[in-house]
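In: Here is my input, please return the structure:
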Amino acid sequence: QVRLTESGGGLVQAGGSLRLFCSSSGRALSSYAVGWFRQGPGKEREFVAAINSRSTTTYYADFVKGRFTISRVNALNTVSLQMNSLQPDDTAVYYCACEFGGTGTTTLSSYDAWGQGTQVTVSS
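Out: Numbering: from 1, shown residues only. Here you go, the predicted structure:
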């Protein structure tokens, strides 16, 4: 069983940066693919970024390419999402999730466990 917890959210001005963290209790996160998703006000949850279990492949939504970076810190059992050049449209609750198969995917329904989310608010 794996329980995920997100941290690092907050309020930032447009153009600023935040780093989100996804940590796990239970089995090591290095066993799974990990994805980040977000849900803005009145919007559906959407894919942001993912990394496979071996950290050999990363996936990004087009709207974050060049701005966000997903990476693992295995020693801390953590996956981070570095977010730069944030814009008001990036305002959302950000969720991490793990996919037990380990391959990584952009498909929300393929993920097996989810965290509770962390709020990111970008002011203009």
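
In: wait, what's in contact with the residue nearest in space to the middle of the chain?
Out: For the chain, W36 is the residue whose C-alpha lies nearest the centre (CA atoms, centre = their mean; 2.5 Å). For W36, the contact set (CB atoms under 8 Å, 6 or more residues apart in numbering) comprises 20, 22, 48-50, 70, 81, 94-97. Placement of C-beta: from N, CA and C, glycine included.

In: is it in a bridge, and if so with what?
Out: Counting by DSSP bridges, W36 forms beta bridges with A49, C96.

In: T118 too?
Out: Under DSSP bridges, the beta-bridge partners of T118 are Y94.

In: residues contacting it?
Out: With contact taken as CB under 8 Å, 6+ apart, T118 is in contact with 6-9, 20, 93-94.

In: hang on, the earlier thing: any idea which of the contacts of W36 is closest to Q119?
Out: The closest of the contacts of W36 to Q119 turns out to be Y94 (CB to CB; 7.8 Å).

In: Could you measure from the residue nearest to the centre of the chain over to Q116?
Out: Separation of W36 from Q116 (CB to CB, to the nearest Å): 14 Å.

In: so what sits against both of those two?
Out: Contacts common to W36 and Q116, judged by CB under 8 Å, 6+ apart, are Y95.

In: who's in contact with the residue lying closest to Y32 once chain neighbours are set aside?
Out: Leaving aside its chain neighbours, Y32 sits nearest to C98 (3.9 Å; criterion: CB to CB, 6 or more residues apart in numbering). If you count contacts by CB under 8 Å, 6+ apart, C98 has them with 2, 4, 24, 29, 32-35, 111-113.
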